[in-house]
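A.B. asks: what follows is a protein structure lacking sequence information:
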């Protein structure tokens, strides 16, 4: 019996000795190998592209999330401002120290649109201050609602504190410092019609009204002339508010003189031969009064 053998020769690339013969006899075998290699290469390229694309998308997502977070932070920062805010209703007359020590105020964020320049931004600004009016819980504390506290000054025992406003040049042109001692002079231009001294008092005249008065505080001081050479000179204050330590009698005299006459201050070193108090020296009397 005749048995027909199959004409299909398997493509077996592991048969190294006959591989070239098989490729020559069976061209389809070689084409199959090339097709498989091509498909493999395509899959590798596609995988690489997908990997790169995935990396780019992941980076973009992280970058976008970071920008979104920063944008949100910037938005919050630009729409709020730190200010001193009352945490409870606070009555008028409360000192700044009491507000801070009792926790009645705190630094909080307030809408920028409602913030005004006079709003306090630090608790230190309440030092030596007293509340002039009541404020409500949640209200920002402003500088306009505060006055200087009497606890901020130290008045010598047995004396009173009194302020007078003096023209800048009459208050040592800004050189006057807290703690200094001054003589108070008054330039008299008016005499009471009922005064017994009106017939003998020369007008105008100048008298030493009080001597060796302690300066507790001054509203402003100017830099020394030596420190401003070459920069256009010193800027002099137009007026000075001076806080003095006086007796009750001196306070009465000083109150009258500051409202009706012209007062000037002279820094003293406790002169050994000061002019007599209350002696008003006018025209043609300067020699006898010296």
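C.D. replies: Received, thanks. Source: prediction; values computed, not measured. Numbering: from 1, shown residues only.
A.B. asks: kindly check the end-to-end length of stretch 94-111 for me.
C.D. replies: When the termini of stretch 94-111 are compared using C-alpha to C-alpha, to the nearest Å, they are 26 Å apart.
A.B. asks: show me where this structure has its helices.
C.D. replies: 19-25, 27-79, 96-101, 248-260, 286-289 (DSSP state H).
A.B. asks: give me the helices and strands touching the fourth one, please.
C.D. replies: Looking back up the chat, that one is helix 248-260. strand 160-167, strand 181-188, strand 205-218 (3 or more C-beta pairs under 8 Å, 6 or more residues apart in numbering; DSSP states H and E). In this view, the C-beta of every residue, glycine as well, is placed from N, C-alpha and C.
A.B. asks: 6 Å - rerun?
C.D. replies: strand 160-167 (3 or more C-beta pairs under 6 Å, 6 or more residues apart in numbering; DSSP states H and E).
A.B. asks: in the strand it packs on, which residues are buried?
C.D. replies: For strand 160-167, a neighbour-count test (16 or more other C-beta atoms under 10 Å) marks 161-162, 164, 166 as buried.
A.B. asks: what's next to that strand, contact-wise?
C.D. replies: Strand 160-167 is contacted from outside by 155, 216, 239-244, 246, 248, 251, 258, 263, using C-beta atoms under 6 Å, 6 or more residues apart in numbering.
A.B. asks: that strand versus helix 248-260: what angle between them?
C.D. replies: 20 degrees (axes from the mean of the first three to the mean of the last three C-alpha atoms, to 10 degrees).
A.B. asks: strand 160-167 versus strand 205-218: what angle between them?
C.D. replies: Calculated by the same axes, to 10 degrees, strand 160-167 forms an angle of 110 degrees with strand 205-218.
A.B. asks: low-confidence regions, the stretch 51-200 of the chain specifically.
C.D. replies: 60-78, 149-152, 192-200 (pLDDT under 70).
A.B. asks: for stretch 258-274, measure first residue to last.
C.D. replies: 22 Å.
A.B. asks: buried residues in that stretch, which are they?
C.D. replies: 258, 261-265.
A.B. asks: would JSON lines of those with distance to residue 282 and pLDDT be doable?
C.D. replies: Shown next, in JSON lines, are the buried residues of stretch 258-274 (distance: C-beta to C-beta, whole Å; pLDDT from 0 to 100):
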{"residue": "258", "distance to residue 282": "20", "pLDDT": "92"}
{"residue": "261", "distance to residue 282": "13", "pLDDT": "92"}
{"residue": "262", "distance to residue 282": "14", "pLDDT": "93"}
{"residue": "263", "distance to residue 282": "17", "pLDDT": "95"}
{"residue": "264", "distance to residue 282": "16", "pLDDT": "94"}
{"residue": "265", "distance to residue 282": "21", "pLDDT": "95"}
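A.B. asks: nearest to residue 103 among those residues?
C.D. replies: Distance to residue 103 across these (C-beta to C-beta) is lowest for residue 258, with 42.8 Å.
A.B. asks: contacts only, for the closest one.
C.D. replies: residue 164.
A.B. asks: and if you look at residue 104?
C.D. replies: Applying C-beta under 6 Å, 6+ apart, the residues near residue 104 are 87-88, 90.
A.B. asks: and residue 190, by the same measure?
C.D. replies: Neighbours of residue 190 in contact, by C-beta under 6 Å, 6+ apart: none.
A.B. asks: what do you get for residue 112?
C.D. replies: Contact analysis of residue 112 by C-beta under 6 Å, 6+ apart lists 79, 81.
A.B. asks: only whichever of the contacts of residue 104 are buried, select them in PyMOL.
C.D. replies: This is the PyMOL syntax for the buried subset of these, where burial follows 16+ other C-beta under 10 Å:
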select buried, resi 90
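A.B. asks: as a markdown table, the contacts of residue 104 with distance to residue 272 would be great.
C.D. replies: Below are the contacts of residue 104 laid out as a markdown table (distance: C-beta to C-beta, whole Å):
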| residue | distance to residue 272 |
| --- | --- |
| 87 | 59 |
| 88 | 60 |
| 90 | 54 |
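A.B. asks: need the buried residues of stretch 258-274 in CSV (columns: distance to residue 189).
C.D. replies: What follows is the buried residues of stretch 258-274, written out as CSV (distance: C-beta to C-beta, whole Å):
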residue, distance to residue 189
258, 14
261, 6
262, 7
263, 12
264, 13
265, 18
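A.B. asks: max pairwise distance over those: which two?
C.D. replies: Top of the distance list for these (C-beta to C-beta): 261 and 265, 13.7 Å.
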